[in-house]
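A.B. asks: Could you look at this predicted model? Sequence included:
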Amino acid sequence: MASAEILFAKWLDGIALSDDELKQLRLDADFGPMLAEAQVWQSRAQNMLDEDVPTWNRESTYVGTKRSASQWYAIAASVAVIALASCVFMWSQNQQLTEQMASQQQLVQQQQQQITTLLGRIDNQQSSQNSKLLDAVEHVLATSRDERREDMNALLQLWKTQRAQDQALLRLQLNDIAEQVEHLPQTNVAKLEDR
């Protein structure tokens, strides 16, 4: 079954509900009283008849006194003075607003100039920092190149020294072997000619 809220909305929209749906809506604690009240107002609206407005002497209901022309002139003059005073007041307010707008525009221009100056300083500072950073990077690269060159030279020098020492050791060993061979008896020397 549909909820009472949906049924009540359908009923208000003029959609016909089944007897079971109307019964469910009447028995609902929240929407039952609202349905009953809405039905009362619908029946009153349908039974309402248009009534004619009664006729009466409308001039006899006005209880004012007739004013003379001089009184009307005085009223008109008063209204004119009030209108003139309002115009003068509005003109002075307009002048004050114009002055305030001009001072605010000057303030905005000054702030824009300050912002432009600050942006220029920031740009200069950034370019200076970029230049310093580039110099630092170049220095680090040059330093590291020099250090690598020095390290490579030191390594080469160590390698040359080691090689010279190894060659000297080999020469000594070869000289020892040559001396040993010279001092050997002839019988122990292999004869290459016989083979």
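C.D. replies: Right, received. Where do you want to start?
A.B. asks: Distance-wise, check Glu51 relative to Glu37.
C.D. replies: Distance of Glu51 to Glu37, given as CB to CB, to the nearest Å: 25 Å. From N, CA and C alone the C-beta is placed, and that goes for glycine too.
A.B. asks: For those two, indicate the residue with more neighbours.
C.D. replies: Ranked by neighbour count (other CB atoms under 10 Å), Glu51 and Glu37 place Glu37 first, with 10 against 6.
A.B. asks: Would you enumerate the residues in contact with the more buried one?
C.D. replies: Not one residue lies near Glu37 by CB atoms under 8 Å, 6 or more residues apart in numbering.
A.B. asks: what's the distance between it and Leu12?
C.D. replies: 12 Å.
A.B. asks: what do you get for Asn175?
C.D. replies: For Asn175 relative to Leu12 (CB to CB), the value is 125 Å.
A.B. asks: Any stretches of the protein with poor pLDDT?
C.D. replies: For the chain, the stretches with pLDDT under 70 are 1-2, 62-66, 185-195.
A.B. asks: which residues in it form helices?
C.D. replies: Taking DSSP state H as the test, the helices found in the chain are 4-12, 19-27, 31-47, 69-182.
A.B. asks: which stretch among the ones you listed comes nearest Ser60?
C.D. replies: helix 69-182 (23.2 Å; CB to CB).
A.B. asks: Tell me how far the closest one lies from the chain's centre.
C.D. replies: Its chain's average C-alpha position is 23 Å from that of helix 69-182, according to CA atoms, centre = their mean, to the nearest Å.
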